[in-house]
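Student: quick one: sequence and predicted model below, then my questions.
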Amino acid sequence: MARQSPVRPRARKRAVLAFGGNALIRHGEDGDMRRQVRHAEALARFLVSVMRRGWDLAVVHGNGPQVGNLLIQVEEAVNKVPPTSVDVAVAQTGGSIGYLLSRALRNALLKAGIDRQVTCLVSEVVVDARDPANRAPSKPIGPFYTAYRAGFLMKTKKWAMVEDAGRGYRRVVPSPRPLRILGMQAVQDALGRGDVVIAGGGGGVPVVEDSSGQLKGFEAVIDKDFTASLMGIDLVADLLLILTDVDAVSLNYGKRNESTVPKMTIREAGRWLRYGQFPPGSMGPKIEAAIEFVSATRNPVLITSVHKALQALQEKAGTWITAPPLKRRSR
């Protein structure tokens, strides 16, 4: 059932903006810190441009390349330093990416003469230990292992592993749906003061809750688009803006008859999703997250690239996903 939130009046428009960790470590890059800093600075300049257009922002970022690199470091040092769990690795990379973005944003705001603060939070996100996704781990994470090392880890740690032909074995972890983002009152308060908020990084640190309310870390990764959608619903955001590596959503992607879709309703999006137009490993989660957000708020979702986002906000690019028109009641 779609989540409903009360509408609260406010002067400025509010957007939740989501982008992947590959905005800082792009395809083919090694994760050099100086290069990540430059990418963070470019992203900060873009965020300031969005704010100049009258938007208050809550930013949710991914951490795919970063958490993978961290787990490679963990494996290389396993004989010297005790290994860390996936939930702690998500927290570590969420904090480090948040720091880079926060620092870059503060500098960009100062340079632009905008008197706004930045609030950066490491968010715990409650998931269901009985989520069906937990029975079939599917998210590859971390380094590639030899057959011998993979067999040892599967036996001693009960890890699920998959073979990648020619490259070795890799751990797979569940990707359950987020149920609740903890600390949302702090996000609300910060936005109410006019701060730019960075929260839900890496999809949030996954935790499960027992019958008494006690929390325990859970070894999984949460899709940042679902967390962004959930945050947008909680905030009653006017817009969910999902940045990706394509300028707009396409039908028949990669085929000769590929065509971009400037606008679609959630009914059309759901139908195309069922027909297999949006694969689970790429555009699928973004479309599902969009449907959930629009269903709960009746506010739109915009999917585009960072290069086209400012044009897309003027409805000159990107893909807008909206609610179907309300039926008029007969008198």
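Tutor: Ah, there it is.
Student: surely Ile222 meets Pro206?
Tutor: Yes - when contacts are counted by Cβ atoms under 8 Å, Ile222 is listed as touching Pro206 (5.5 Å). Just so you know, the C-beta spots here come from the backbone N, C-alpha and C atoms, and that holds for glycine as well.
Student: overlap in contacts, these two.
Tutor: The contact sets of Ile222 and Pro206 overlap at 125, 127, 176 (Cβ atoms under 8 Å, 6 or more residues apart in numbering).
Student: where does this structure have low pLDDT?
Tutor: Across the chain, residues meeting the criterion (pLDDT under 70) sit at 1-11, 328-331.
Student: how about the helices in it?
Tutor: 33-52, 64-76, 86-112, 147-156, 184-193, 224-235, 266-274, 284-297, 309-313 (DSSP state H).
Student: of those, flag the one that's most buried.
Tutor: Comparing those by mean neighbour count (mean count of other Cβ atoms under 10 Å), helix 224-235 ranks first with a mean of 27.
Student: and Ala199, how close does it get to Arg180?
Tutor: Distance of Ala199 to Arg180, given as Cβ to Cβ, to the nearest Å: 13 Å.
Student: now swap in Ser85 and tell me
Tutor: Going from Ser85 to Arg180 by Cβ to Cβ gives 21 Å.
Student: which one of the shared contacts of Ile222 and Pro206 has the most neighbours?
Tutor: The most crowded member of the shared contacts of Ile222 and Pro206, judged by other Cβ atoms under 10 Å, is Val125 (26 neighbours).
Student: roughly how far does it sit from Asn63?
Tutor: Taking Cβ to Cβ as the criterion, Val125 is separated from Asn63 by 13 Å.
Student: what sits in contact with each of those two?
Tutor: Common neighbours of Val125 and Asn63 are listed as Gly203 (criterion: Cβ under 8 Å, 6+ apart).
Student: can you report how many residues lie near Ser85?
Tutor: Other residues near Ser85 come to 12 when the count uses other Cβ under 10 Å.
Student: show me the contacts for the closest residue to it other than its chain neighbours.
Tutor: Here the nearest residue to Ser85 in space, its sequence neighbours aside, is Glu219; by Cβ to Cβ, 6 or more residues apart in numbering that works out to 5.6 Å. Going by Cβ under 8 Å, 6+ apart, Glu219 touches 85-87, 173, 206.
Student: can we see that at 7 Å?
Tutor: Shown in contact with Glu219 (Cβ atoms under 7 Å, 6 or more residues apart in numbering): 85-87, 173.
Student: measure the one residue sitting closest to the centre of the chain to Val173 for me?
Tutor: Central residue of the chain (Cα atoms, centre = their mean): Lys224, 2.1 Å from the mean position. From Lys224 across to Val173, the span is 15 Å (Cβ to Cβ).
Student: now Ser138
Tutor: Separation of Ser138 from Val173 (Cβ to Cβ) stands at 8 Å.
Student: more neighbours, those two?
Tutor: Between Ser138 and Val173, counted using other Cβ under 10 Å, Val173 has the larger neighbour count: 22 against 13.
Student: I'd guessed the more buried one sits against Ile141; true?
Tutor: Yes - in this structure, Val173 is within contact of Ile141 by Cβ atoms under 7 Å, at 5.5 Å.
Student: what's the neighbour count on the closest residue in space to Leu153 that isn't next to it in sequence?
Tutor: Spatial nearest neighbour of Leu153, excluding adjacent residues (Cβ to Cβ, 6+ apart): Trp159 at 4.9 Å. The burial count assigned to Trp159 is 19, neighbours taken as other Cβ under 10 Å.
Student: follow-up on the earlier one: Ala199 and Arg180: who's more crowded?
Tutor: Neighbour tally, Ala199 and Arg180, criterion other Cβ under 10 Å: the higher count belongs to Ala199, 27 against 14.
Student: so who does Val16 touch?
Tutor: Counting by Cβ under 7 Å, 6+ apart, Val16 has contacts 58, 60, 228, 231-232, 235, 237, 240.
Student: so what's it bridging to?
Tutor: As for beta bridges, Val16 partners with Ala58, Leu240 under DSSP bridges.
Student: for it, give its distance to Gly270.
Tutor: Computed with Cβ to Cβ, the distance linking Val16 and Gly270 is 21 Å.
Student: with Phe218 instead?
Tutor: 29 Å.
Student: in this structure Ser229 contacts Glu292, no?
Tutor: Yes - taking contacts as Cβ under 7 Å, Ser229 lies within contact range of Glu292: 5.0 Å.
Student: make a markdown table out of the shared contacts of Ile222 and Pro206 and add distance to Asn79.
Tutor: Below are those laid out as a markdown table (distance: Cβ to Cβ, whole Å):
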| residue | distance to Asn79 |
| --- | --- |
| Val125 | 33 |
| Val127 | 32 |
| Pro176 | 32 |
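Student: of the residues you listed, closest to Arg193?
Tutor: Val125 (23.3 Å; Cβ to Cβ).
Student: my read: that closest one touches Ile222, true?
Tutor: Yes - using Cβ under 7 Å, Val125 makes contact with Ile222 at a distance of 5.7 Å.
Student: tell me which residues in stretch 243-254 are buried?
Tutor: Residues of stretch 243-254 classed as buried by neighbour count (16 or more other Cβ atoms under 10 Å): 243-244, 246-250.
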